[in-house]
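>>> structural data only, the sequence is not supplied:
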């Protein structure tokens, strides 16, 4: 990619890109009838890269069990987002 408006090597192009953003093809993890996750890499008009993740999980039929699943899912998502944010932080340089 040589200019701000040119597509990256991973960009899917076409209708997926707009308003200066570049978006990859979707990466899908599908467990039929149970869960589905979709990941898309996005480069904003400002040049910052992001991962956009959508998750759909089948919930238990009873309210209490569904709420427990949601609590567990939110905790897992918090941990995943925290790990990703820590990994994205620039590391301090060591003195030579």
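Arrived safely, thanks for sending. Quantities reported herein were computed from a predicted structural model and do not represent experimental measurements. Residues are numbered from 1 along each chain as shown.

>>> from here on, contacts and neighbour counts on C-alpha atoms
Fine.

>>> let me see the domain layout of this structure.
1-58, 59-90 (automatic domain parsing).

>>> need those domains in TSV (columns: mean pLDDT and mean neighbour count).
TSV is the format used below for the domains of the chain (pLDDT from 0 to 100; neighbours: other CA atoms under 10 Å):
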stretch	mean pLDDT	mean neighbour count
domain 1-58	84	14
domain 59-90	93	12
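
>>> quick one: the helices in the protein?
Under the criterion DSSP state H, the chain contains helices at 63-88.

>>> now do the strands in it.
22-23, 27-31, 35-43, 49-57 (DSSP state E).

>>> partner strands of the last one, with direction?
Each strand paired with strand 49-57, and its direction, by DSSP bridges: strand 35-43 (antiparallel).

>>> who touches the strand it pairs with?
Residues outside strand 35-43 that contact it (CA atoms under 8 Å, 6 or more residues apart in numbering) are 21-30, 49-58.

>>> same question for stretch 67-86.
59-60.

>>> number the residues from 20 up from this point.
Got it, the first residue is 20 from now on, which makes the last one we talked about stretch 86-105.

>>> now it, how far from the centre of its chain.
13 Å (CA atoms, centre = their mean, to the nearest Å).

>>> kindly report the same for stretch 39-58.
Per CA atoms, centre = their mean, the centroid offset for stretch 39-58 relative to its chain is 9 Å.

>>> now do the same end-to-end measure for that stretch.
By CA to CA, to the nearest Å, the extent of stretch 39-58 from end to end equals 19 Å.
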